[in-house]
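Engineer: Could you work out the structure for the sequence below:
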Amino acid sequence: MKMLYKPMSFLVAVFVLSSCSKNKNGVEVIEDMKRPFVDYQIVNGDDPFTFDFSNKSSNYKSLLWRFGDDSVSTEVAAKHVYMTTGKFDVSLTATSESGATARKLLTINIDPDSVIKLSAPATTVPNQVKFNIESKANIASALWTFEDKSTSTDLSPVKTYREGTLNPLSLKAVTNKGSVINLSKYATTAGIVSNVTNKVSMSVSSDNGGGKNANEGSLKLLDGDVNTKMYQGWPGTFTATFTFASAQTIKFYGIGSANDSPTRDPKVWTLEGSNDGNNWEVLDTRNLDRNFYDQAGSKYKQMFYFAVATPKSFPMYRWKVTANFGSSGFQLSEFQLFR
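Structural biologist: Model (predicted):
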């Protein structure tokens with residue numbers, strides 16, 4: 001019985017993995033089951049939401065496309081329009097006459113910042129900017145919502161801001177095909193800006209006695225929290241150097257006041273740029289008349305923003321403070337850079 005068992009099990013396996021046909025003499029021939037070959041390419045359409053799918057599959061009886069947004073198609077060469085931005089996993093499953101299948105998966109990423117570029121150049125009116133939409137898609141409508149809860153449906157609205165303020169805004173744009181783009185940005189008198197503080201490495205000329213990781217060490221400048229602070233004895237001159245992986249054009253920067261003692265606030269400083277860390281160019285100079293506490297209406301832990309007078313592209317920036325408001329100590333809660 002053991003001698004017969006192994007050949008029988010082999011024949012069963014062959015039957016499952018093979019198909020049978022007869023030759024012209026009526027002799028049954030066992031043929032290997034053929035699997036389909038599946039392949040396709042994604043071709044950009046006439047706007048960022050439209051794609052053509054070039055099918056290169058073979059040996060199939062049917063196809064099933066899944067576009068990653070609950071849409072499907074059985075067409076040989078499919079075309080699809082996405083209604084939103086986002087990441088979409090596109091799969092093509094090919095099925096052969098025998099029922100065997102093969103599948104290929106690719107990902108499409110429609111990034112809202114790649115679909116729309118926003119700008120807000122200054123007009124001839126002081127502190128006024130005009131918003132512009134640049135896109136490869138045909139924008140049919142826009143809904144702007146500003147920091148004061150006002151709205152606009154103009155494609156290029158104008159807005160007046162107070163100098164030294166960072167103002168959130170949102171845009172909902174709809175293309176002529178119905179695709180929707182949602183963007184959230186910050187607007188200033190210097191135009192649209194983006195916070196790039198998280199992209200820097202920082203070194204300082206002096207630090208808290210406990211070092212940069214101390215409870216009031218220099219790393220508190222980059223933690224995004226005005227409730228924490230860097231404190232140290234006033235060294236006479238303080239510099240913080242910020243290094244990016246590549247050159248950036250910094251247009252705006254922010255300084256956070258601390259929780260007490262406004263005479264410790266920075267008073268006189270420059271913001272400088274450099275390509276090599278040896279030669280520095282002054283981009284902005286400030287000499288404050290009032291400390292941050294008085295400017296904020298007797299409030300601590302506030303952010304103050306400054307437009308760079310002559311923005312240029314540099315990989316390194318240096319904030320150099322040469323005077324405070326008379327204290328033997330020096331402190332601030334945050335430092336932020338915007339391009």
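Engineer: could you check the distance from Ile181 over to Ala187?
Structural biologist: 17 Å (C-beta to C-beta, to the nearest Å). C-beta here means a position set from N, CA and C on the backbone, and glycine is covered the same way.
Engineer: For Ala323, which non-adjacent residue is spatially closest?
Structural biologist: Distances taken as C-beta to C-beta, 6 or more residues apart in numbering place Val268 nearest to Ala323, at 4.0 Å, with adjacent residues excluded.
Engineer: Run through the bridge partners of that neighbour.
Structural biologist: Beta-bridge partners recorded for Val268 (DSSP bridges): Asn287, Ala323.
Engineer: wait, doesn't it sit right on Trp319?
Structural biologist: No. With contact defined as C-beta atoms under 8 Å, Val268 does not count as touching Trp319 (11.7 Å).
Engineer: So these two - more neighbours on which side?
Structural biologist: Trp319 (22 against 14; other C-beta atoms under 10 Å).
Engineer: show me the contacts for that one.
Structural biologist: Neighbour list for Trp319: Thr239, Ala240, Phe242, Tyr253, Trp269, Thr270, Leu271, Glu272, Phe335 [criterion: C-beta atoms under 8 Å, 6 or more residues apart in numbering].
Engineer: Where does it sit: helix, strand or coil?
Structural biologist: Following DSSP: H, G, I helix; E, B strand; the rest coil, Trp319 is assigned to strand.
Engineer: Who does it form a beta bridge with?
Structural biologist: Beta-bridge partners for Trp319, by DSSP bridges, are Ala240, Leu271.
Engineer: So for it, what's the pLDDT?
Structural biologist: Trp319 is assigned 99 on the pLDDT scale.
Engineer: got it, and Ser9?
Structural biologist: 34.
Engineer: now do the one 5 residues further on
Structural biologist: In this prediction, Val14 carries a pLDDT score of 31.
Engineer: got the residue ranges for the helices in the stretch 101-250 of the chain?
Structural biologist: Secondary structure of the stretch 101-250 of the chain (DSSP state H, counting those that start in this stretch): helices at 112-115.
Engineer: those strands in it, which residues are they?
Structural biologist: For the stretch 101-250 of the chain, the strands defined by DSSP state E, counting those that start in this stretch occupy 101-110, 116-119, 128-130, 132-135, 139-145, 151-152, 158-160, 167-175, 180-188, 191-193, 201-204, 230-233, 238-249.
Engineer: Could you count how many residues lie near the spatially closest residue to Thr101 that is not a sequence neighbour?
Structural biologist: Leaving aside its chain neighbours, Thr101 sits nearest to Thr95 (5.0 Å; criterion: C-beta to C-beta, 6+ apart). By other C-beta under 10 Å, the residues close to Thr95 number 18.
Engineer: and Thr95, what are its bridge partners?
Structural biologist: Applying DSSP bridges, one finds that Thr95 bridges with Ser62, Thr101.
Engineer: right, and it touches Ser57 too?
Structural biologist: No. Using C-beta under 8 Å as the test, Thr95 is too far from Ser57 to be in contact (10.3 Å).
Engineer: Phi first, then psi, for Asp294.
Structural biologist: phi -70, psi -40 (degrees, to the nearest 10).
Engineer: where in the stretch 1-150 of the chain is pLDDT low?
Structural biologist: 1-33 (pLDDT under 70).
Engineer: let's see it at 50
Structural biologist: Along the stretch 1-150 of the chain, the model assigns pLDDT under 50 to residues 1-23, 25-32.
Engineer: Just want the most central residue of this protein.
Structural biologist: Using C-alpha atoms, centre = their mean, the residue of the chain that lies closest to the mean C-alpha position is Asp113, 7.3 Å off.
Engineer: So what sits opposite the residue nearest to that one when sequence neighbours are not counted in the bridge?
Structural biologist: Once flanking residues are discounted, Asp113 sits nearest to Leu183: 7.3 Å by C-beta to C-beta, 6+ apart. When assigned by DSSP bridges, Leu183 has beta-bridge partners Leu171.
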